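>>> sequence-free structure coming up:
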């Protein structure tokens with residue numbers, strides 16, 4: 001009996017552990033990570049489809065999408081979908097706009113075909129890069145938690161698998177991946193981390209640094225989840241007269257900072273502030289209304305929302 005290459009076995013084992021029942025879709029760009037993921041899911045699963053997204057940002061992207069979808073049909077995936085998206089008008093820079101368009105398209109296809117999950121090909125190396133980027137921008141625990149293994153219908157089975165293993169798996173299976181030029185374009189922060197920052201850390205601290213960064217993200221995510229649960233309960237107690245009302249300053253001032261700032265963050269989102277636009281600066285300004293009150297004026301939150309301290313409460317200022 002032929003021995004399965006270790007890289008192929010590692011990818012298959014990771015997928016087998018994560019695969020839910022029912023139809024699943026693999027999001028596949030044709031790169032080594034998603035190609036190895038797709039091959040493993042097709043081997044392990046009984047009902048596996050594939051979606052490839054054409055962002056239209058590079059010449060020949062439509063032909064590449066057709067190549068990936070053609071391979072998928074030959075390989076026995078069903079259904080096979082090509083989702084063409086436009087990033088025009090989406091904010092946050094080109095990377096964020098492409099990501100928003102891609103996730104929206106994947107969600108739409110999954111809902112239409114009745115898929116229980118969409119598998120994403122992010123690896124341990126991607127997780128380490130995410131942690132470094134979060135550190136560089138001064139992110140708190142939420143950012144340092146990295147990418148979750150599951151968020152809604154999206155699953156990341158390969159967060160314990162190295163990028164080198166996905167490339168080796170493709171080679172062992174005779175699959176020829178596509179190398180996205182954006183991955184080496186220094187115009188993008190993640191590309192600079194991938195090409196220079198992380199290799200420098202590996203050279204200085206040894207190859208274990210990649211796994212250690214990824215493991216740190218998982219540990220921080222676990223702790224952050226516990227604090228979020230405590231903050232959700234504390235928010236309910238802090239409402240002055242039930243959900244939708246203002247927050248009682250006396251209740252807030254009795255909370256430790258790690259809980260209080262989470263309560264304020266959750267309350268701001270409940271008021272309608274976009275989570276993507278809500279920053280540390282906004283939460284710090286709300287916190288100052290509780291812990292550093294000296295009669296200051298309103299705090300302005302994303303979405304034109306204004307908050308003030310009035311008679312011992314934090315309240316939304318009417319428009």
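Sure thing, it's come through. Because the structure is predicted, anything quoted here is derived from the model rather than measured. Residues are numbered from 1 along each chain as shown.

>>> buried set for the lowest-mean-pLDDT helix or strand in the chain?
Ranked by mean pLDDT, DSSP states H and E, the helix or strand of the chain with the weakest confidence is helix 93-113, at a mean of 86. Neighbour-count burial for helix 93-113, counted by 16 or more other C-beta atoms under 10 Å, picks out 97-98, 100-103, 105-106, 109-110. For every residue, glycine as well, the C-beta is placed using N, CA and C.

>>> and if you look at stretch 159-167?
159-163, 165-167.

>>> Now do it, average pLDDT.
The predicted model assigns stretch 159-167 a mean pLDDT of 97.

>>> need the longest helix for the protein.
helix 208-238 (DSSP state H).

>>> Tell me who's in contact with residue 43.
If you count contacts by C-beta atoms under 8 Å, 6 or more residues apart in numbering, residue 43 has them with residue 12.

>>> Surely it is within a helix?
Yes - counting by DSSP: H, G, I helix; E, B strand; the rest coil, residue 43 falls inside a helix.

>>> quick one on the thing from earlier: which strands and helices lie in contact with the following helix or strand past the longest helix of the chain?
Counting by DSSP states H and E, the next helix or strand C-terminal to helix 208-238 is strand 247-248. Judged by 3 or more C-beta pairs under 8 Å, 6 or more residues apart in numbering; DSSP states H and E, the packing partners of strand 247-248 are helix 208-238, helix 257-271, strand 313-316.

>>> Give me the distance from strand 247-248 to the chain's centre.
In terms of C-alpha atoms, centre = their mean, to the nearest Å, the centre of strand 247-248 is found 32 Å from the chain centre.

>>> Let me see the residues that make contact with that strand.
235, 238-240, 263-264, 267, 312-314.

>>> domain ranges for the protein?
6-214, 239-316 (automatic domain parsing).

>>> pLDDT on stretch 136-148, on average?
92.

>>> Over to stretch 226-243?
Rounded mean pLDDT across stretch 226-243 is 93.

>>> neighbouring contacts of the helix or strand harbouring residue 166?
Applying DSSP H and E as the criterion places residue 166 in helix 163-173. Contact with helix 163-173 is made by 5-8, 10-11, 32-33, 35-37, 39-40, 121, 123-126, 158, 175-177, as judged by C-beta under 8 Å, 6+ apart.

>>> Equivalent analysis for stretch 174-188, please.
Residues from elsewhere that reach stretch 174-188 (C-beta under 8 Å, 6+ apart): 29-32, 35-36, 39, 57-58, 64, 68, 94-95, 167, 169-170, 191-192, 194-195.

>>> Could you pick out the buried ones from these?
Among those, the ones that count as buried (16+ other C-beta under 10 Å) are 29-32, 35-36, 39, 64, 68, 167, 169-170, 191-192, 194.

>>> Point out the least confident member of these, please.
residue 64 (89).

>>> Isn't that residue up against residue 53?
No - judged on C-beta atoms under 8 Å, residue 64 makes no contact with residue 53 at a distance of 10.7 Å.

>>> Now do the SS call for residue 294.
Residue 294 ends up coil, using three-state DSSP.

>>> per-residue pLDDT, it?
94.

>>> ok now do residue 82, which residues does it touch?
Counted by C-beta under 8 Å, 6+ apart, residue 82 has contacts 51-54, 65-66, 69.

>>> most neighbours, which of the residues you listed?
Top of the contacts of residue 82 by neighbour number is residue 51, holding 28 neighbours under the definition other C-beta atoms under 10 Å.

>>> Phi, psi for it please.
With angles defined as degrees, to the nearest 10, residue 51 sits at phi -130, psi 130.

>>> Without its sequence neighbours, what residue ends up closest to it?
Among residues not flanking residue 51 along the chain, residue 81 sits closest, at 4.7 Å (C-beta to C-beta, 6 or more residues apart in numbering).

>>> how much space is there between that neighbour and residue 108?
For residue 81, the distance to residue 108 (C-beta to C-beta, to the nearest Å) stands at 10 Å.

>>> hang on, residue 303 packs against residue 269?
No - using C-beta under 8 Å, residue 303 makes no contact with residue 269, being 10.2 Å away.

>>> about what we covered before: who touches the least confident helix or strand of the chain?
For helix 93-113, using C-beta under 8 Å, 6+ apart, the contacting residues are 23, 25, 27, 49, 51, 53, 55, 57, 79, 81, 83, 85-87, 90-92, 115, 117-118, 152-154, 188-190.

>>> Distance from the chain centre to it, please.
Here helix 93-113 is found 12 Å from its chain centre; the criterion is C-alpha atoms, centre = their mean.

>>> All set, thanks.
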